[in-house]
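Curious how this folds, go ahead:
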Amino acid sequence: MTGLGDRLICLGAAWLFARQTGRVLVADWRYGAYATDSEPSAFPRFFEAAPELAGVRFVADPSTTELELPRPRYPAMWNNDRLITYPFLRPDHTILADRDAAVAMIRSGEDVAARTVVFDACINDGLVSVADSRRFLAALRPLPQIEKAMKEFRRERFGDDPMIGIHIRHGNGALTGHAAYWDSFEAALARCERAVHRAREQIGATVPVLLCTDSPDVERAMCERVAGIVARPKAFLAPGEGELHVGGHSIHTRDDATVEMVLLAGSSALIRYPPGSFFSFYSAVMMPRRTPPPETVYQLQEPWDPSDPLAPAILI
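Numbering: from 1, shown residues only. Modelled structure (predicted):
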């Protein structure tokens with residue numbers, strides 16, 4: 001029921017578990033964001049559904065909605081066939097416990113007796129190694145139209161020149177796990193502006209900045225504050241009406257989401273605000289680096305200014 005970044009975090013954790021245990025990996029992205037009645041599983045609308053994903057047997061084509069997942073299933077509540085068919089009916093209070101259990105399984109390296117294991121949460125502490133994360137993400141192949149749109153925009157707006165990418169996750173009126181970063185709208189924008197200046201000190205004073213955000217207010221304000229901002233046109237919800245992946249609106253934004261995620265991965269410097277937003281996880285792992293990448297994904301979230309715990313991360 002979440003956005004693209006959260007889904008990739010979950011899929012990455014499931015991929016690592018499947019690799020460790022020799023299981024088949026299934027990506028069942030039904031319902032919620034990005035899916036439609038005629039296209040019940042959203043994964044093939046973003047990426048090619050290959051039969052293998054980074055060394056793991058993989059099923060992600062439309063047949064996923066017809067699979068009869070063998071019993072017993074873990075966690076035990078998924079033995080309920082109605083729930084496995086309509087997973088949005090799961091009780092909310094079970095999500096965190098299942099997430100913690102999934103992380104514990106991955107870190108132990110051990111399997112469970114159940115024939116089917118279901119991961120249905122934002123398992124952000126499952127895929128910790130940057131090397132593992134890169135292997136997983138590099139195996140994902142964006143659809144040809146996504147790749148074409150990304151390359152055309154990059155060529156038209158930046159050519160072969162360097163660019164700074166900044167992703168600003170706001171929520172556009174929705175409650176998120178990043179509320180502390182938005183206690184003050186002006187203070188948040190000031191942090192992002194300082195981060196751009198810092199990145200330009202290292203990349204070049206006139207390097208253009210690709211801005212990706214979920215808020216029309218953020219886009220408008222940043223364009224007023226920072227010279228050289230480039231934003232790809234997309235259909236926002238009205239200010240305060242929520243995230244781009246909510247409701248029926250999401251089927252009109254899924255291509256934009258994927259294009260921007262891949263575009264950010266081509267940044268010479270990447271600014272993440274808040275640093276833990278999962279939308280910029282792909283870009284943080286896949287971007288070219290001047291220096292060897294860190295060992296863990298947690299290091300990709302460290303604020304650039306040690307004196308400000310709410311400062312963006314800057315990756316170069």
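
per-domain residue ranges of the chain.
As assigned by automatic domain parsing, the chain contains the domains 4-138, 144-315.

isn't E193 right next to V226, touching?
Yes: when contacts are counted by Cβ atoms under 8 Å, E193 is listed as touching V226 (5.7 Å). (Glycine included, C-beta is placed from N, CA and C.)

Okay, now the unreliable bits of the stretch 151-300 of the chain?
175, 241-242, 244-252 (pLDDT under 70).

swap the cut-off to 80 and go again
172-177, 237-254 (pLDDT under 80).

Torsion angles phi and psi at the residue lying closest to H167 once chain neighbours are set aside?
Closest residue to H167 apart from its sequence neighbours, by Cβ to Cβ, 6 or more residues apart in numbering: S280 at 4.2 Å. The phi/psi pair for S280 (degrees, to the nearest 10) reads phi -90, psi 10.

Now do the contacts for S280.
Residues near S280 by Cβ atoms under 8 Å, 6 or more residues apart in numbering: G5, H167, R169, M261, L264, L270, R272.

and the last one, what element?
Pointing back at R272 there. Secondary structure assignment for R272, by DSSP states H and E: strand 269-273.

One more: the first one?
G5 is located in helix 4-21, with elements delineated by DSSP H and E.

Convert the C-alpha atoms of that helix to CSV, please.
The C-alpha trace of helix 4-21 is given here as CSV (Å, rounded to 0.1, in the frame of the first residue of the first chain):
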residue,chain,number,x,y,z
LEU,A,4,7.9,2.8,-4.9
GLY,A,5,10.8,3.2,-2.5
ASP,A,6,9.2,1.2,0.3
ARG,A,7,8.3,-1.6,-2.1
LEU,A,8,11.9,-1.8,-3.2
ILE,A,9,13.1,-2.0,0.4
CYS,A,10,10.7,-4.9,1.0
LEU,A,11,11.6,-6.7,-2.2
GLY,A,12,15.3,-6.2,-1.5
ALA,A,13,14.9,-7.8,1.9
ALA,A,14,12.9,-10.7,0.4
TRP,A,15,15.6,-11.1,-2.3
LEU,A,16,18.4,-11.4,0.3
PHE,A,17,16.4,-14.0,2.3
ALA,A,18,15.6,-16.0,-0.9
ARG,A,19,19.3,-15.9,-1.9
GLN,A,20,20.4,-17.1,1.6
THR,A,21,17.8,-19.9,1.7
